[in-house]
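# need the 3D shape of this:
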Amino acid sequence: MLLGTLYGPVTFGIMAAAVAVPYIPDVSGSVSTVWLLSGYAIALGVGTAVFGPLTERWGTRACLRIGAVLLLAGTVVCLLAPTPEAVVSGRVVLAVGSSAVVTVVLTIAAHVDAEHRGAVARALGAVMATFLAGATLAGGAATEVIGWRAAVVLPVLSVLAVPWITRHHHRRGRPSAAFDAVGAGLLTVFATCTVGLTQIAVLTLTTASALAAGAAASGLALWVRARRRPDAFVPAALVREAQFRRVCLLAGCIYGARFAVVLADGHLLADAGWTPLNSGVVLVLCAVAGVAVSHGLALRQRSSAKALLLAAGALVIVGLVPSDSVGPLVITSTVISSAVFALGQPMLTVALAALRTDRRGTAVGLTYFSGFAGGAGGTAVVSVLMPPLGASVAIAVVALACLAGAVLAVSHVRVRDERGAATSPSSDAAGITLERKEAVR
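Below you'll find the predicted structure:
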């Protein structure tokens, strides 16, 4: 529960800010709106990719302290920036600090003993779902009472839990281990270019080409270095593991669906004349209902994978059904996307813990790099498709892509259920489920 309290405010960076962004004065078009949200998601993805391996060398305590300093620095920049466009730079610093928090929390959770892993994942998921449910309300209230700048710096609340975690719950690093500084630099370039390409709709041709070339060159260099060095920053053995790639794909789908829906619904309510506080109240009630729906689906399906795919399919249908009013689309899409996130997050936690690797911090960082890259891509697609095609079509496109990715992530593997009998490929989540045992025997 303490880990969830530390992680929870990170979700405010997108969810709370999405409520505030439509009410920011003097924002120059959709590009600024996209970057205020997606810039945070991009920096969060890049940061998790880099902080993952750093937790193995420096330990979680040092990384968390660095993250706290960055959170405070980013908050100061956001509060003092003269224009909304300048706030983007502060949000980037804030996101890098949040990425340290994410990596530390999930690295600690991934090292929990197998017998307690399911309980820890459920508790962590419940606390995160609570923060997720309250994020839009927090953003609306902060915008209404203090101003939009307060809403975009809410991730700094993670700092309040840092002293307790650093004193009582941390993992030591391996400072004597070799440090691949070149690999760290290559990974930073690759992560920045790859996630930056998710915003291709708002990039110039020259910028997009440069990012594509940078991603290809740095990715190739990373792979060559990984094959030649056993202590590479990104180990080749981890990337080759099919289970790890499935976890990354699933993370991108879960975060992509949730971020896209929050952005679309926030704009729909603002365009309909709703105040930030009223928008936050409606969205938080829908999110709470979504958590309840996820619990009901999990009980009925008795499989986290089936429940997740059912929820993702329902989100596609919601987007395809035409609606003449804002209310039905906002309510149903928020409820179902909240259920998708509430079902998927615990699955990711357990799946990362079940990976057979001694580079668990790296696995956590790269997985959540994939997740936040998916979130950045989802918001970019919605911002581009909403003006010409409408919010429902934009949500349907993102939801369909996320459903397809989730199907690929949860199929083609046989695992054992609690009775030791092998399950069919379609009945489990490629090992990505709360019911998975430590290993297949």
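
# quick one: A404 from V316, how far?
Distance of A404 to V316, given as Cβ to Cβ, to the nearest Å: 10 Å. Any C-beta I mention is one placed from the backbone N, CA and C, and that applies to glycine too.

# higher neighbour count, these two?
Ranked by neighbour count (other Cβ atoms under 10 Å), A404 and V316 place V316 first, with 21 against 13.

# these two touch, right, the more buried one and V397?
No - with contact defined as Cβ atoms under 8 Å, V316 does not count as touching V397 (9.2 Å).

# ok, L269 - contacts?
By Cβ atoms under 8 Å, 6 or more residues apart in numbering, L269 lies in contact with 22, 278-279, 282-283, 326, 330.

# could you list the low-pLDDT ranges of the stretch 1-150 of the chain?
Across the stretch 1-150 of the chain, the ranges flagged by pLDDT under 70 are 26-34, 117, 133.

# what are the ranges of the helices in the stretch 151-300 of the chain?
Remark: helices assigned in the stretch 151-300 of the chain by DSSP state H, counting those that start in this stretch are 162-168, 181-196, 205-228, 236-240, 242-271, 276-301.

# out of these, which is the most enclosed?
Compared across the helices of the stretch 151-300 of the chain, helix 242-271 shows the largest average neighbour count, a mean of 26 (mean count of other Cβ atoms under 10 Å).

# mind naming the longest helix for the chain?
Ranked by number of residues, the top helix in the chain under DSSP state H is helix 114-145.

# which pLDDT value goes with the nearest residue to A232 once chain neighbours are set aside?
Once flanking residues are discounted, A232 sits nearest to A226: 4.3 Å by Cβ to Cβ, 6 or more residues apart in numbering. Looking at A226, its pLDDT reads 83.

# numbering from 836 from now on, please.
Yes, from this point I'll number from 836; that puts the last item at A1061.

# which residues touch A1061?
1018, 1067, 1069-1071, 1074.

# one step back: can you list the helices and strands that the longest helix of the chain packs against?
helix 837-842, helix 847-855, helix 919-945, helix 983-987, helix 1111-1136, helix 1161-1189 (3 or more Cβ pairs under 8 Å, 6 or more residues apart in numbering; DSSP states H and E).

# what's the closest of those helices to F1079?
For the helices and strands packed on helix 949-980, the distance to F1079 is smallest for helix 1161-1189, at 8.7 Å, taking Cβ to Cβ.

# buried residues of the following helix or strand past that closest one, list them for me.
Downstream of helix 1161-1189, the first helix or strand assigned by DSSP states H and E is helix 1195-1224. Neighbour-count burial for helix 1195-1224, counted by 16 or more other Cβ atoms under 10 Å, picks out 1195-1221.

# now do stretch 1239-1248
Residues 1240-1241, 1244-1246, 1248 are the ones in stretch 1239-1248 that count as buried (16+ other Cβ under 10 Å).

# in JSON lines: these, plus secondary structure, pLDDT and distance to L1144.
Putting the buried residues of stretch 1239-1248 into JSON lines (DSSP: H, G, I helix; E, B strand; the rest coil; pLDDT from 0 to 100; distance: Cβ to Cβ, whole Å) gives the following:
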{"residue": "G1240", "secondary structure": "helix", "pLDDT": "91", "distance to L1144": "11"}
{"residue": "A1241", "secondary structure": "helix", "pLDDT": "89", "distance to L1144": "6"}
{"residue": "A1244", "secondary structure": "helix", "pLDDT": "85", "distance to L1144": "10"}
{"residue": "V1245", "secondary structure": "coil", "pLDDT": "80", "distance to L1144": "7"}
{"residue": "S1246", "secondary structure": "coil", "pLDDT": "70", "distance to L1144": "10"}
{"residue": "V1248", "secondary structure": "coil", "pLDDT": "38", "distance to L1144": "15"}
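
# would JSON lines of those with distance to M963 be doable?
Converted to JSON lines, the buried residues of stretch 1239-1248 look like this (distance: Cβ to Cβ, whole Å):
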{"residue": "G1240", "distance to M963": "21"}
{"residue": "A1241", "distance to M963": "19"}
{"residue": "A1244", "distance to M963": "20"}
{"residue": "V1245", "distance to M963": "21"}
{"residue": "S1246", "distance to M963": "26"}
{"residue": "V1248", "distance to M963": "26"}
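
# out of the residues you listed, the closest to A1133 would be?
Nearest to A1133 among the buried residues of stretch 1239-1248, with distances taken as Cβ to Cβ, is V1245, at 14.3 Å.

# need phi/psi at that closest one.
phi -110, psi 10 (degrees, to the nearest 10).

# distance of it relative to V940?
24 Å.

# A1140 too?
24 Å.

# OK, contacts around the closest residue to F966 other than its chain neighbours?
In this structure, F966 finds its nearest non-sequential neighbour in G843, 3.0 Å apart by Cβ to Cβ, 6+ apart. Going by Cβ under 8 Å, 6+ apart, G843 touches 962-963, 965-967, 993.
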